[in-house]
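K.L.:
Quick one: sequence plus predicted model below, questions after.
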Amino acid sequence: MASHQCRATAGRVTSALASVVAAVACLLPAAGPGFAADGPAVPASAPAAAPFGAFLDSGADGVARMAGLSHWLGGADLTVGHTYLPGGLWEDIEGPPGFLEPWAGWRHERADRTLVLNVPMQERNEEDVPDDEVRGLLRQGAAGAFDGHFRTLAERLVTLGVPDTVIVLGWEMNGTTYTHRCGPDPTAWKAYWNRIVAAMRAVPGQRFRFDFAPSRGRDAVPWTECYPGDDTVDIIGMDSYDQPAGVTFDEQVSEPYGLQRHVDFAQAHGKPVSYPEWGLFRNGDNAAYMRRMLAWIDEHRPVYHTLTDYCPHGVWQCPANPRSARVYRTALSGGTGRPTPLWPACTPLDLGDWAVYWSGRLPCPFPGW
């Protein structure tokens, strides 16, 4: 997971025609276009969308930005807050002072909100620790050497009044990025996961749900080899970005250990699915991917999904993806999770990406205009 942050900046309307079109666009509700720019609108009577949010920043800024994203989505109801504990030192993984409090405060404001917390399984989690050392650390963890750190985290979450937090433990374990990766010793990794879950569930008052979330595809090791068992997994997630370059969405679905394998595996184990991380990547501003991924999410009804919203993955904080932003905003504006028509018929005027930057949508005049 990268850390670069960026925000879209407003463009400048320079021509007389643009000014007229912009004025018309200002007459439209801020909830977004009344048409699906990359697909047909869905009737407003369609079922409610899966709970969603976006990763906007790990710290307090992430909490503050949720109101801005909601406004951009025309008042959409973001009921999922997503953050990551830092993985530098054990004291970070225990929940550093001041880090969890803003998220707990956001969670307390409404009963229907969900806090999703990614928790590293090892310190020095992004420091290119060699496989031999990772193997030794996994075996120490499996023997209980690090139980106390996770008990401390659980106690802090309960004390802060967020005992129902979704814990995305050891995410993307099938890859090579993190010190908590599974590949060097899958047997020890699974035993270590089970010890962590047991330690956190032993804390009085907890109601945690544990989300097993590999990255899509085989990566360094098949993620099914890392699955620790139904007793300690509540949700089976998947992090899925639009990569590698040139790969279609259909290939992302059908590849070994891809999106279809994910939902089939979860169904076989009687578990719901989630998409803690998803977004654009190697194929740039790919509106087709955005449209297909949103449709996939709508079909498979995850417990939650959270877009990674910074460049190159996101839409609100990344001005490089205007076409995908239009699709995302259309689909999720107003909190319905689906496009809501403003009028029975509305033909958009596609005057280029600058118009989308300026108004946040394609200008769509009143019928008969």
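P.N.:
It's in.
K.L.:
Following element in sequence after the helix or strand of the chain with the lowest mean pLDDT, please.
P.N.:
Between all helices and strands in the chain, the lowest mean by mean pLDDT, DSSP states H and E belongs to helix 16-26, at a mean of 35. For helix 16-26, the following helix or strand on the C-terminal side (DSSP states H and E) is strand 52-55.
K.L.:
now for that following strand, which elements pack on it?
P.N.:
Where contact means 3 or more Cβ pairs under 8 Å, 6 or more residues apart in numbering; DSSP states H and E, strand 52-55 is packed against helix 60-72, strand 80-84, strand 305-308. Yep, even glycine has a C-beta here, placed from its N, CA and C like the rest.
K.L.:
what would those look like in CSV with mean pLDDT, distance to Asp92 and mean neighbour count?
P.N.:
Compiled in CSV, these are given as follows (pLDDT from 0 to 100; distance: least, Cβ to Cβ, whole Å; neighbours: other Cβ atoms under 10 Å):
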stretch, mean pLDDT, distance to Asp92, mean neighbour count
helix 60-72, 97, 16, 16
strand 80-84, 98, 10, 24
strand 305-308, 98, 21, 26
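K.L.:
right, and these - which one's nearest Tyr192?
P.N.:
Tyr192 lies closest, by Cβ to Cβ, to one member of these: strand 80-84, at 19.3 Å.
K.L.:
ok and that closest one relative to helix 60-72, angle-wise?
P.N.:
If you take axes from the mean of the first three to the mean of the last three Cα atoms, to 10 degrees, strand 80-84 sits at 150 degrees to helix 60-72.
K.L.:
how much space between Gly53 and Leu294?
P.N.:
Noted for Gly53: a distance of 14 Å to Leu294, by Cβ to Cβ, to the nearest Å.
K.L.:
ditto for Tyr257
P.N.:
Tyr257 is 22 Å from Leu294, by Cβ to Cβ.
K.L.:
Would you mind telling me which of those two has the busier surroundings?
P.N.:
Taking other Cβ atoms under 10 Å, Tyr257 and Leu294 do not tie; Leu294 has more neighbours (24 against 21).
K.L.:
Dump the helix or strand hosting the more buried one to PDB, restricted to CA.
P.N.:
Assigned by DSSP H and E, Leu294 belongs to helix 287-300. Taking C-alpha atoms only, helix 287-300 is exported to PDB below (Å, rounded to 0.1, in the frame of the first residue of the first chain):
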ATOM      1  CA  ALA A 287     -13.600   3.500 -16.600                       C
ATOM      2  CA  ALA A 288     -14.400   0.000 -17.800                       C
ATOM      3  CA  TYR A 289     -12.600  -1.500 -14.800                       C
ATOM      4  CA  MET A 290     -14.400   0.900 -12.400                       C
ATOM      5  CA  ARG A 291     -17.800   0.000 -13.900                       C
ATOM      6  CA  ARG A 292     -17.100  -3.800 -13.800                       C
ATOM      7  CA  MET A 293     -15.700  -3.800 -10.300                       C
ATOM      8  CA  LEU A 294     -18.700  -1.800  -8.900                       C
ATOM      9  CA  ALA A 295     -21.000  -4.300 -10.700                       C
ATOM     10  CA  TRP A 296     -19.100  -7.200  -9.200                       C
ATOM     11  CA  ILE A 297     -19.400  -5.700  -5.700                       C
ATOM     12  CA  ASP A 298     -23.100  -5.100  -6.200                       C
ATOM     13  CA  GLU A 299     -23.600  -8.700  -7.300                       C
ATOM     14  CA  HIS A 300     -21.700 -10.400  -4.500                       C
END
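K.L.:
and it, what other elements does it pack with?
P.N.:
Right, helix 287-300 is packed against helix 249-254, strand 273-279, helix 322-332 by 3+ Cβ pairs under 8 Å, 6+ apart.
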